[in-house]
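# structure, please.
(2 chains)
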Amino acid sequence: MLTQIRGMSVIYLLISISIIVAIAFLYAFLRAVKTGQYDDDYTPSVRMLFDDELIKSEPKTKTKEEQKPI
Amino acid sequence: MTTSQCFHCGNEILKKEEILFDAKNFCCNGCKTVYEIFSQNDLSCYYDFQAAPGATPQDIKGKYDFLANESIVDKLLEFKENTTHIVSLYIPHIHCSSCIWILENLQKLQQGINTSQVNFPEKKVRITFHPEKTSLQEIVALLCSIGYEPYISLENFDEGKKKVDRTLIYKIGVAFFCFGNIMLLSFPEYFEVNEFWIDQYRGFFRWLIFALSLPTFIYSASGYYVAAWKSIKQGMLNIEIPIALGIVVMFIRSTVDIVFNYGQGFFDSMCGLIFFMLLGKLFQQKTYDFLSFERDYKSYFPIAITKILPDGKEVSVQVYDIEKGDRLLIRNQELLPVDGILISESAAIDYSFVTGEAIPIEKKSGDKIFAGGKQLGKVIEMEVLFSVSQSYLTQLWSNDVFQKRVDQKHKSITDKISRYFTPALLLLAFASFAYWVFIDVTTAFNVFTAILIVACPCALALTAPFTLGNVLRIMGNRKLYLKNAIVVEQLAKVNTIVFDKTGTITTHKKSAIVQDGVFEESELALLKNALRGSNHPLSRRLYDYLPEVPKATIFHFEEITGKGIQAVINGKTIKIGSAAFVGDTDENLLKQTNVYVSIDGIYIGKFIFDNQYRDGLEELFSKLSQKYELKVLSGDNEGEKESLEQLLPENTELVFNQKPEQKLAFIENLQKQGKNVLMVGDGLNDAGALAQSNVGISISENVNVFSPACDGILDATQFKKIDFFLGYSKNAMRTIYMSFGLSLLYNVVGLSFAVTGNLLPIVAAIIMPLSTITIVSFVTIMSNYFARK
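This is a model prediction of the structure:
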């Protein structure tokens, strides 16, 4: 009897936790939509690749600049 | 290396204009300057992402002076605070990753810009800047100088913050959340594990599932109830009725099931179905954000105009503030915002925007000039006669013709099918109920609800959005931008195609004129003077081509229609026109337009007008003429009749001298004969005809700017592919019919179980998602397959 009650409470607990976690994700999703993160689904994918480029190519362009007077 | 391409803009470089800089070739100074700006600011990896991504900067002298006017700037800003201003600018040139990169690094080019963010699908850049360190005018000037000129029109005015409708995404999110969790919680029931401990919690699981299904049932599916209710009120039977009915019945039956402990109900299927249907809607809704089909005159009008104060000072004012009696300054290429009287000595006004006549009209001081005209050449002054809202162009726009009919004449294919499907389904449901009710009441209710649930035409409802959504996307990739899915259906029904001539089957670009024969300077002067009086399109083009000469008095001038001009100047008789008219025996074998010249009866030479028809015209027409009735309408006179007749298939009807209203009437007449007309025109001046036709497609060299009341916009380079698009739309409809058959098959199988009262919940739960998935993948694969052909 005791084990049954304990088992019961575990199921209730686990299910409620899983639902709460799911609701948290739903809330996060709705917030993300609200702040406009889903308005443009293309640019970020391109932008993501830029940061690397900028760092890599900055010294390159500078050397180009130095070469110019010659 | 005979021809090389500009490092910046990729245009071909003319040898004599080539500029070498930093070991790179440029086509003009503008491109070189942009490159200089970028390389000085360490931004030259702009060129790394894409070869030749740039555009030649245009001269904007004074064009954006109005941005100095604070009240105008206020209207454009999205957000305004002491230290932060935010503005969103629409930049048509945005087209590749280099564009995104450079526009998001604007802060390196201009002090005071904090951040800039590009929205690629909408071709917009959102710039945050510090108003004390820089100004909107400076930013716009900077954008222009690097070849990214923003498009600011009256439409931006009062725009402020636009409200974005994200309801559909919310609904999908909620539906997916419910769907996923219900599926998880239903697992024990799916496998019907009759273990003791699961039986213990059955009630808990079921009520939890019930609670989870509520948000989907009430919120996510709300659109279907509204649509169904509307169509019932209008007395129409569309697809929404069985959908809404199916959802409601499913919910009620499932609730009854769990209340009386009959079973676990169909909550999982219900949520899944709603989720998939919403997904289909989203798929169809995602078209091209950067094209706006619902534009009105506002998007063409300038936002501000230069006004001359009585003391001679020039100020920028909003067009809405223009009053009768004001004096305005109109620069080259600027649109007249209002009707008025010309004050300057002369003006050349291009009314192609309104009338379609591409040749500028000369106006003298005191003449009335109308809104919508574009000044070409030097700066002019005008006095205002009416305010903006009373002007000719605004009246033209408010004309009924320009309002593309809001109520859809055409029933979509889904609606047409559901007109039979819905009553048949209801009949079947009630008939089986009536049959079973005498045998067993409980089974009767079970059968009744099972029919409505299984037959819920979710596959049927999904077919069209998924197919047409995919077709729209594929066509968009190939540069035909259709307004919505219904256009695809209408396109498939077309049997008559009407082409406009100017700007549609011919290009707008002035074609080259080649001189054949030796002309002395005095002869050219004679020629130019003679041409001055003629209004024939060829004369005008030749006139523009010839160098400026002093005016001479014309003694005698005669224009013989279809032949040429005869004039007597300085005692010399000059004849300009066709070979026969001039008396030259040289036969015109080539499909060229030639103008022959003779002076005092002696043949001097000829001018060859390069063929200005679009690429692939002949081939396209010969292909189309096999399946469609073809007509060509032209606003010009019959000057080109012969060359067109040679070029086009025999059964093509050519109609000349058509005013915009006549073009409209022509199409109306065809429709009265029961034809489904596709009109291919070039935007505004054909707007009436485009709106009247079943499908109006406008050909545009620049799809971003020109999109008036039409159903679709076709990039001019794709003109020769019209037959592909027509064929493709037919195949798309075929795909839809095929998948309708497939989904009906599912329904028949499901229903035959349901009617006999043998449908197990598990079978229903399998059939429904399975049918959805097969239908969606079937139509996607088919539409991609047809596109490849």
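# quick one: low-confidence parts of the stretch 101-250 of chain B?
For the stretch 101-250 of chain B, applying pLDDT under 70 flags the ranges B:154-164, B:191-198.
# next to chain A, which bits of it? Give me the list.
Contacts of the stretch 101-250 of chain B with chain A, taken as Cβ under 8 Å from any Cβ of the partner chain, map to B:101, B:104-105, B:117-122, B:164, B:166, B:169-170, B:173-174, B:177, B:180-181, B:184-185, B:197, B:200-201, B:204, B:208, B:212. Bear in mind the C-beta positions are built from the backbone N, C-alpha and C, glycine included.
# and with 7 Å instead?
By the rule Cβ under 7 Å from any Cβ of the partner chain, the part of the stretch 101-250 of chain B lying against chain A is B:101, B:104, B:118-121, B:164, B:166, B:169-170, B:173, B:177, B:181, B:197, B:201, B:208.
# counting neighbours, which of those comes out on top?
Sorting those by how many neighbours each has (other Cβ atoms under 10 Å in any protein chain shown) puts B:Val118 first, at 27 neighbours.
# residues from chain B in reach of chain A?
B:22, B:39, B:42, B:44-45, B:48, B:97, B:100-101, B:104, B:118-121, B:164, B:166, B:169-170, B:173, B:177, B:181, B:197, B:201, B:208.
# hmm, try it at 8 Å
Residues of chain B lying close to chain A by Cβ under 8 Å from any Cβ are B:22, B:39-40, B:42-45, B:48-49, B:97, B:100-101, B:104-105, B:117-122, B:164, B:166, B:169-170, B:173-174, B:177, B:180-181, B:184-185, B:197, B:200-201, B:204, B:208, B:212.
# break down chain A into its helices, ranges please.
Along chain A, the stretches classed as helices by DSSP state H are A:2-34, A:43-47, A:50-67.
# lowest average pLDDT across the ones you listed?
Lowest mean pLDDT within the helices of chain A: helix A:50-67, a mean of 46.
# so B:Lys631 is in which element?
strand B:629-633 (DSSP states H and E).
# helix or strand right after that strand?
Next along the chain after strand B:629-633, taking DSSP H and E as the criterion, comes helix B:641-647.
# in the next helix-or-strand element following that next one, what counts as buried?
Sequence order places strand B:653-655 as the next helix or strand after helix B:641-647, per DSSP H and E. Applying a neighbour-count criterion of 16 or more other Cβ atoms under 10 Å in any protein chain shown, one finds B:Leu654 buried in strand B:653-655.
# B:Leu237 against B:Ser418, yeah?
Yes: with contacts counted by Cβ atoms under 8 Å, B:Leu237 reaches B:Ser418, the gap being 6.3 Å.
# re the thing from before, list the strands paired with the strand holding B:Lys631, with their directions.
strand B:496-500 (parallel), strand B:653-655 (parallel) (DSSP bridges).
# who touches the first one?
Meaning strand B:496-500. B:356, B:505, B:624, B:628-635, B:663, B:666-667, B:670, B:675-682, B:686, B:689, B:693, B:722 (Cβ atoms under 8 Å, 6 or more residues apart in numbering or on different chains).
# using CSV, write down the CA coordinates of stretch A:27-43.
Output of stretch A:27-43 as CSV, limited to C-alpha atoms (Å, rounded to 0.1, in the frame of the first residue of the first chain):
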residue,chain,number,x,y,z
TYR,A,27,6.4,30.1,-23.4
ALA,A,28,10.0,30.6,-24.7
PHE,A,29,8.8,30.0,-28.2
LEU,A,30,5.9,32.4,-28.0
ARG,A,31,8.2,35.0,-26.6
ALA,A,32,10.7,34.5,-29.3
VAL,A,33,7.9,34.9,-31.9
LYS,A,34,6.7,38.0,-30.2
THR,A,35,10.1,39.7,-30.2
GLY,A,36,10.3,39.2,-33.9
GLN,A,37,12.8,36.4,-34.1
TYR,A,38,10.7,34.5,-36.6
ASP,A,39,10.0,37.5,-38.8
ASP,A,40,13.1,37.0,-40.8
ASP,A,41,14.3,33.4,-41.1
TYR,A,42,16.9,34.0,-43.7
THR,A,43,19.3,36.8,-42.8
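# which parts of that stretch are buried?
Quick answer for stretch A:27-43 (16+ other Cβ under 10 Å): A:Phe29, A:Leu30, A:Val33, A:Asp40, A:Thr43.
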